[in-house]
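Below are the sequence and a predicted model; questions follow.
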Amino acid sequence: MKNNDKKDYDREKVTEELYRRFSKRGLWRLRMRRFIRGFTWVFVVQLLAGAKRLLDFLLSLFLLLILWPVLLLSYFIPGTTLKRTPRLGRWCVTFNEFSFDTSGGFSGRILTGLRLTRLPVLINILKGDISFIGPRAVSPGDLSPREKAARKRYNVRPGLISLWWIRRRANIDYTTEVAVDGEYVETQSVWGDLGIALRYCTGRVSQRLLT
């Protein structure tokens, strides 16, 4: 009898669980739970994206206000042109990334030596095409969004400095660029971006001291 009672009890529990999950009320609760979870995630992501975008805008504006004479002088060096390179941005929207292109010679040595060829990208950051920190900006056709693993990286703006680039330069073990980009998207935060920027600057200083 005890075994039969236990079986009846277990059967009732299973029936209640199935009813709770698959009845109209249970399905409604399940949908609402999923909706709230999804809405919360979108809200957090958008809030973070808004704070990050504000910091990008203010910092790029500040740097352009300080460096605009250098930007103009570089542009008017003979043999220098403004290059536009197609890149994939957030949501796979194509934009033109600005940089200086030189014909070599005197202008090329100056801009390359002073590392000013990428200075116009500050305009892209000010416009919102790109961020200071984010996945590497790729050309159309590279890391296609049709690949499921690569889709996540296009939920955020590409960046000048990427976590993948830092790990590769530091010889830190990692799987693939797409996997590192996915990790960045899932764990990104303002403090995390500051940490990546600090590691980048530290690496640059160390490289200069060793060369």
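Yep, it's here.

was I right about Thr112 contacting Ser99?
No: if you go by C-beta atoms under 8 Å, Thr112 and Ser99 don't touch, sitting 11.7 Å apart. Backbone N, C-alpha and C define where each C-beta goes, glycine included.

Check the closest residue to Ser103 other than its chain neighbours and give its pLDDT.
Leaving aside its sequence neighbours, Ser103 sits nearest to Gly79 (C-beta to C-beta, 6 or more residues apart in numbering; 4.0 Å). Here, the pLDDT recorded for Gly79 equals 81.

okay, now Gly79: neighbour count?
Gly79 has 13 neighbours, counted by other C-beta atoms under 10 Å.

surely it meets Arg109?
No: look at Gly79 against Arg109 with C-beta under 8 Å: they stay out of range, at 10.6 Å.

so who does the residue nearest the centre of the chain touch?
A centroid search over the chain (C-alpha atoms, centre = their mean) returns Gly134, at 3.1 Å, as the residue closest to the centre. Contact analysis of Gly134 by C-beta atoms under 8 Å, 6 or more residues apart in numbering lists Val156, Arg157, Pro158, Gly159, Leu160, Ile161, Ser162, Tyr184.

how close does the residue nearest to Ser103 sit to Ser189?
The spacing between Gly79 and Ser189, counted by C-beta to C-beta, to the nearest Å, is 43 Å.

re the thing from before, okay, Thr112 and Ser99: which has more neighbours?
Ser99 (18 against 13).

give me the element the more buried one is part of.
strand 94-102 (DSSP states H and E).

That strand: which residues count as buried?
Within strand 94-102, the residues that count as buried by 16 or more other C-beta atoms under 10 Å are Phe95, Glu97, Phe98, Ser99, Phe100, Thr102.

How about stretch 125-135?
Residues of stretch 125-135 classed as buried: Ile125, Leu126, Asp129, Ile130, Ser131, Phe132, Ile133, Gly134, Pro135 (neighbour count, 16+ other C-beta under 10 Å).

Inside helices: which ones of those?
Among those, the residues falling in helices (DSSP state H) are Ile125, Leu126.

The buried residues of stretch 125-135: which two are farthest apart?
Using C-beta to C-beta, the buried residues of stretch 125-135 span at most 19.6 Å, a distance reached by Leu126 and Pro135.

what about Ala49, how many neighbours?
16.

repeat for the one 3 residues further on
Number of residues near Lys52 (other C-beta under 10 Å) recorded here: 21.

Good, wrapping up.
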